[in-house]
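Novice: below is the sequence, then the predicted model.
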Amino acid sequence: MIAYGKSERCVTVMKNRRKSPRISVHVFASYECYNDDGEVFENDIGVILDVSQGGLLIETVRLIDANYVKVEFVNHLNKTLGIVVSVVHSRKLENGKAQTGLCFHGTDTEGIEFVSNLIRTYHYGKKNDNLKKPIEKFPVSATFLGNV
C-alpha cells in the first residue's frame with residue numbers, strides 16, 4: 001500500500017479514520033492529477049465507492065500517484081461539482097483495479113456541499129429509473145421545424 005498525506009488535516013483523518021461515518025455510494029466521477037507545478041499530467045474516470053465528512057474512496061483502473069487531485073461529478077441537477085483532494089492511500093486490488101482514499105482540501109463548507117450533493121445524486125439516481133436509461137435523441141417533427 002502506498003501512503004500519502006502532506007497536510008495536517010489528512011494526517012488527522014488517517015489517525016481517526018472512523019471519526020466520521022462512511023456512506024456507501026456508487027457515482028461515476030472524473031479526476032485530474034496535478035504535479036508540483038500545478039500542471040495536469042493525468043486524467044481519467046472512476047467510481048466513488050464511499051464518502052465521509054473528511055474524504056472519499058474512489059475505484060479506478062490504475063493507482064493514483066499525485067500530490068493533488070481534482071475530482072468532479074455531475075450531480076442530480078446536471079451541475080458539475082468538483083473538489084481538490086490529496087491522496088491518503090492507494091492500493092491495487094486482485095482484480096487489477098485500484099482503490100484510492102482521498103482527503104478533502106478547502107473549507108469545511110466546500111466539503112459538506114460536495115458530500116451532500118454526492119449523496120443526493122446517488123439516492124436520486126437509485127429512485128429515478130430515467131437516469132439509468134440511455135439518452136435518446138430529441139425527435140424532430142414537422143411541427144417543431146414549422147413550415148420549412
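Specialist: Cool, the structure landed.

Novice: does Lys92 really touch Thr100, like I thought?
Specialist: No: Lys92 is beyond contact range of Thr100, at 10.2 Å (criterion: Cβ atoms under 8 Å). The way it works is simple: take the backbone N, C-alpha and C, and place the C-beta from them, glycine included.

Novice: what touches both of these two?
Specialist: In terms of Cβ atoms under 8 Å, 6 or more residues apart in numbering, Lys92 and Thr100 are both contacted by the residues Leu63.

Novice: who does the residue lying closest to Lys70 once chain neighbours are set aside form a beta bridge with?
Specialist: Nearest residue to Lys70 in three dimensions, chain neighbours excluded: Glu32, at 4.7 Å (Cβ to Cβ, 6 or more residues apart in numbering). Under DSSP bridges, the beta-bridge partners of Glu32 are Asn43, Lys70.

Novice: thinking Glu32 is in contact with Ile45, fair?
Specialist: No: look at Glu32 against Ile45 with Cβ under 8 Å: they stay out of range, at 10.8 Å.

Novice: who has more neighbours out of the two?
Specialist: Glu32 (17 against 13; other Cβ atoms under 10 Å).

Novice: any idea how far His105 lies from Phe41?
Specialist: Here the criterion is Cβ to Cβ, to the nearest Å. By it, His105 lies 18 Å from Phe41.

Novice: what does Gly106 give?
Specialist: With distances taken as Cβ to Cβ, Gly106 is found 21 Å from Phe41.

Novice: just His26 next, same as before
Specialist: In terms of Cβ to Cβ, His26 sits 27 Å off from Phe41.

Novice: under the pLDDT cut-off, which ranges of the protein? List them.
Specialist: Scanning the chain with the threshold set as pLDDT under 70 gives 1-18, 126-148.

Novice: outside of stretch 113-124 itself, list whatever touches it.
Specialist: In contact with stretch 113-124 (Cβ under 8 Å, 6+ apart) are residues 23, 25-27, 48, 51-53, 56, 73-76, 81-83, 104, 131.

Novice: run the last query once more with 10 Å
Specialist: Residues from elsewhere that reach stretch 113-124 (Cβ atoms under 10 Å, 6 or more residues apart in numbering): 20, 23-29, 48, 50-56, 71-77, 79, 81-83, 85, 104, 106-107, 131.
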